[in-house]
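[1] Any chance you can model this:
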Amino acid sequence: MLRGRPEVSPRDLSLAQLAVRFGPRDWHAPLVDADHLTAMLADDPAEPLRQRTLVTVRRWLEAKGVALDGIDLDELRLACIVRGSILAELSAGAMDALSWSRAHGLRVVLVSNTLWSAAEDMAADLPALGLDGLVDGVVTSHTVGYRKPHRAIFERALAIARVEPRDAVMVGDEPYQDVFGAQRVGMRAVWLRPPPPRARPVGEPNDFAATADAEIESLTELPEVLDRWLDRR
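    This is a model prediction of the structure:
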């Protein structure tokens, strides 16, 4: 639903916000540049999709010899967030698809893998993006503690929407995280095909393959797919 703005550098914005909150520190840039995601996926070998951002960041700081006195880790996390209203813009057809869903009595929940953003952080951006009143809830991996395609993040979304999996549809551009993740809990999945080449997300198995219940190239095609399924129901 959202796409990044290439002219905006998330890194530079995060560094500026860190400097304002904590003053100049020589570890700010290495912190922002570090591969925290890979570290998190290796954090719990028995559950590789578990996400503990603050635990991972604390370990990173300790390994770098950064004194934690006076550093609130959640404030550090908040300083690293680049607001979606600054960083992102709506994908083509997103507003029409959401308006169509609202007009047809469908509930909409945004489900996102995030490194820094909690659900309330992402929800706070909705009005600036013109989505106030069109989204019923937000779920992020930071808040749930598990990343897509883990069942927990989809189960949280279903609970917010108050629907059974068989009556829910996931729309996403990642076959592993979105299509497989939704289908494993009994939801239908629509794959929004990104333009090639598609970067393989961290954690996706090399031999992975999934077949979506429907494929679209633009969100402008989504109402037709949903309308067809509503008619069948």
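[2] what about the spatially closest residue to Gly137 that is not a sequence neighbour, neighbour count?
    The spatially closest residue to Gly137, leaving aside those adjacent along the chain, is Ile160, at 3.8 Å (CB to CB, 6 or more residues apart in numbering). (Glycine included, C-beta is placed from N, CA and C.) If you count neighbours by other CB atoms under 10 Å, Ile160 ends up with 18.
[3] Please work out which residues outside the helix or strand where Ile160 lies touch it.
    Ile160 belongs to helix 151-161 when elements are defined using DSSP states H and E. Residues from elsewhere that reach helix 151-161 (CB atoms under 8 Å, 6 or more residues apart in numbering): 107-109, 111, 136-137, 139, 141, 144-148, 164-165, 168, 170, 181-182, 184-185, 187.
[4] Among those residues, the buried ones, what's the PyMOL command?
    The following PyMOL selection, which keeps only the buried ones among those, applies the criterion 16 or more other CB atoms under 10 Å:
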select buried, resi 107+108+109+111+136+137+139+141+144+145+146+147+148+165+168+170+181+182+185+187
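[5] In strands, which of the contacts of helix 151-161 appear?
    Among the contacts of helix 151-161, the subset assigned to strands under DSSP state E consists of 109, 111, 137, 139, 170.
[6] Spatially nearest residue to the residue nearest the centre of the chain, not counting backbone neighbours?
    For the chain, Ser112 is the residue whose C-alpha lies nearest the centre (CA atoms, centre = their mean; 2.0 Å). Excluding the flanking residues, the one nearest Ser112 by CB to CB, 6+ apart is Thr140, at 5.2 Å.
[7] what's that neighbour in contact with, if anything?
    Taking CB under 8 Å, 6+ apart, one finds 111-114, 117-119, 121-122 in contact with Thr140.
[8] Weed out the non-buried ones from these.
    Buried among the contacts of Thr140 by 16+ other CB under 10 Å: 111-114, 117-119, 121-122.
[9] give me the number of residues near the closest residue to Val144 other than its chain neighbours?
    Once flanking residues are discounted, Val144 sits nearest to Ile153: 4.8 Å by CB to CB, 6+ apart. Per other CB under 10 Å, the neighbour tally for Ile153 reads 25.
[10] Tell me which residues are up against the lengthiest helix in the chain.
    Looking only at the chain and at elements set by DSSP state H, the helix with the highest residue count is helix 10-22. Contact with helix 10-22 is made by 4, 25, 28-29, 31-33, 71, 75-76, 79-82, 86-87, as judged by CB under 8 Å, 6+ apart.
[11] For the strand or helix carrying Met122, give me every contacting residue.
    Following DSSP H and E, the helix or strand that holds Met122 is helix 119-123. Applying CB under 8 Å, 6+ apart, the contact partners of helix 119-123 are 78, 81, 84, 110, 112, 114, 135, 137-140, 142-143.
[12] same deal with stretch 102-113?
    1, 98, 101, 122, 133-141, 147-148, 153-154, 157, 160-163, 170, 172, 177, 226-227, 230.
[13] how long is that stretch end to end?
    One end of stretch 102-113 sits 24 Å from the other (CA to CA, to the nearest Å).
[14] Which residue ranges make up each domain of the protein?
    2-80, 91-232 (automatic domain parsing).
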